[in-house]
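Participant: Whatever this is, show me its structure:
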Amino acid sequence: SLDMDTIVKVDIRNNNCIRWSEEESLPSEPVFIANPNSESREEDDGVILSVLLDRKVKRKTALLILDAKNLAEIARVNFNTTGTFTKTFHGQWSNLNDKIHSF
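Facilitator: Numbering: from 1, shown residues only. All right, here's what the predicted structure looks like:
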């Protein structure tokens with residue numbers, strides 16, 4: 001499968017990888033948000049946002065918030081949509097009347 005279903009943090013200095021995944025979820029491209037109140041100079045002081053798509057329920061989605069240091073889940077907001085969401089990489093925009101593919 002070509003599904004990109006895992007968020008991976010790679011530490012090239014320590015040759016470490018941390019992974020986040022769920023069997024029923026497809027995460028979108030992760031977006032890093034730096035901690036605006038950070039006093040540290042650590043590059044991973046912040047959160048990662050990702051939209052999750054449900055593999056089985058096409059109208060179920062969520063916004064996932066992960067701690068950027070260890071990929072621990074901080075929060076999740078679940079949504080039921082009126083339309084079908086498609087998986088994306090680098091974002092996808094379409095007109096309401098455009099025919100688009102679904103996963």
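
Participant: so where is the chain shaky, pLDDT-wise?
Facilitator: Scanning the chain for pLDDT under 70 picks out 1-3, 87-103.

Participant: how about the strands in it?
Facilitator: Ranges of strands within the chain are 7-11, 16-20, 25-27, 31-34, 46-54, 60-67, 73-80, based on DSSP state E.

Participant: Just name the most buried of these.
Facilitator: strand 25-27 (a mean of 21; mean count of other C-beta atoms under 10 Å). Glycine gets a C-beta too; all of them are placed from N, C-alpha and C.

Participant: Residue 10 touches residue 17, doesn't it?
Facilitator: Yes. At 5.5 Å, residue 10 and residue 17 qualify as touching, with contact defined as C-beta atoms under 8 Å.

Participant: okay, and the common contacts of those two?
Facilitator: Overlap of the contact sets of residue 10 and residue 17 (by C-beta atoms under 8 Å, 6 or more residues apart in numbering) is empty.

Participant: before we move on, back to that, quick one, which of the strands of the chain is nearest to residue 86?
Facilitator: Minimum separation from residue 86 across those (C-beta to C-beta) falls at strand 46-54, 7.9 Å.

Participant: In its sheet, which strands sit next to the closest one, and in what direction?
Facilitator: Strands that pair with strand 46-54, judged by DSSP bridges, come out as strand 25-27 (antiparallel), strand 31-34 (antiparallel), strand 60-67 (antiparallel).
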